[in-house]
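K.L.:
prediction below, plus the sequence it came from.
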Amino acid sequence: MIKVDVRWRRREERNDPTLMANQPALRSSDGTIWIVVAGLFALICLVPLSLLTVVAPRQSAPVAWITAILVIALYAALLVSRWTVEDRERRLRIMAVLMLAMAAVALFGMLTCTAIEWSAVPVA
């Protein structure tokens, strides 16, 4: 009897449109939206990182380089997963995780660069 209740609850959860797992981007998308959004996100992240490395190199340039390389690598992994993973739901979840990883790496890298740059500012 407990198994029946669990199965019924799972079916009910799959039909609940308010659950995060029931978003169209995680259920019925072909993955193009993840590629576009992740590409724009990578571009936005690479602008300040390139300012710290190429345009006006600073003390945080090595961290900025590593962060930029990781963001690009995660975006490349997202692109590869789009065309190599067959199962739609699995592919979309992988792409969502890679997008979140891009955000986490970019945030950590930017905060580290900020801390390095602030540590170089003389205290009056």
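P.N.:
Done, it's in.
K.L.:
poorly predicted segments of the protein, please.
P.N.:
Scanning the chain for pLDDT under 70 picks out 1-28, 124.
K.L.:
list the buried residues for the longest helix that it contains?
P.N.:
With secondary structure taken from DSSP state H, the chain has its longest helix at helix 88-119. By neighbour count on 16 or more other Cβ atoms under 10 Å, the buried set for helix 88-119 is 91-92, 94-96, 98-99, 101-102, 105-106, 109-110, 113, 116. (C-beta placed from N, C-alpha, C; glycine too.)
K.L.:
elements contacting it?
P.N.:
Other elements packing on helix 88-119 under the criterion 3 or more Cβ pairs under 8 Å, 6 or more residues apart in numbering; DSSP states H and E are helix 24-27, helix 32-50, helix 61-84.
K.L.:
how big is the angle separating it from helix 32-50?
P.N.:
Helix 88-119 and helix 32-50 are oriented at 10 degrees to each other (axes from the mean of the first three to the mean of the last three Cα atoms, to 10 degrees).
K.L.:
quick check: angle from helix 88-119 to helix 61-84?
P.N.:
Using the same axes, to 10 degrees: helix 88-119 against helix 61-84 is 170 degrees.
K.L.:
okay, the helices and strands packed on helix 88-119 in a markdown table with distance to Ala120 and mean neighbour count next?
P.N.:
Output for the helices and strands packed on helix 88-119, formatted as a markdown table (distance: least, Cβ to Cβ, whole Å; neighbours: other Cβ atoms under 10 Å):
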| stretch | distance to Ala120 | mean neighbour count |
| --- | --- | --- |
| helix 24-27 | 41 | 13 |
| helix 32-50 | 17 | 15 |
| helix 61-84 | 12 | 17 |
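K.L.:
mind checking which of these is nearest Val123?
P.N.:
Of all the helices and strands packed on helix 88-119, helix 61-84 sits nearest to Val123, with 22.0 Å by Cβ to Cβ.
K.L.:
distance of the residue nearest the centre of the chain relative to Ile116?
P.N.:
Closest to where the C-alpha atoms of the chain average out (Cα atoms, centre = their mean) is Met99, at 2.1 Å. Met99 is 26 Å from Ile116, where distance means Cβ to Cβ, to the nearest Å.
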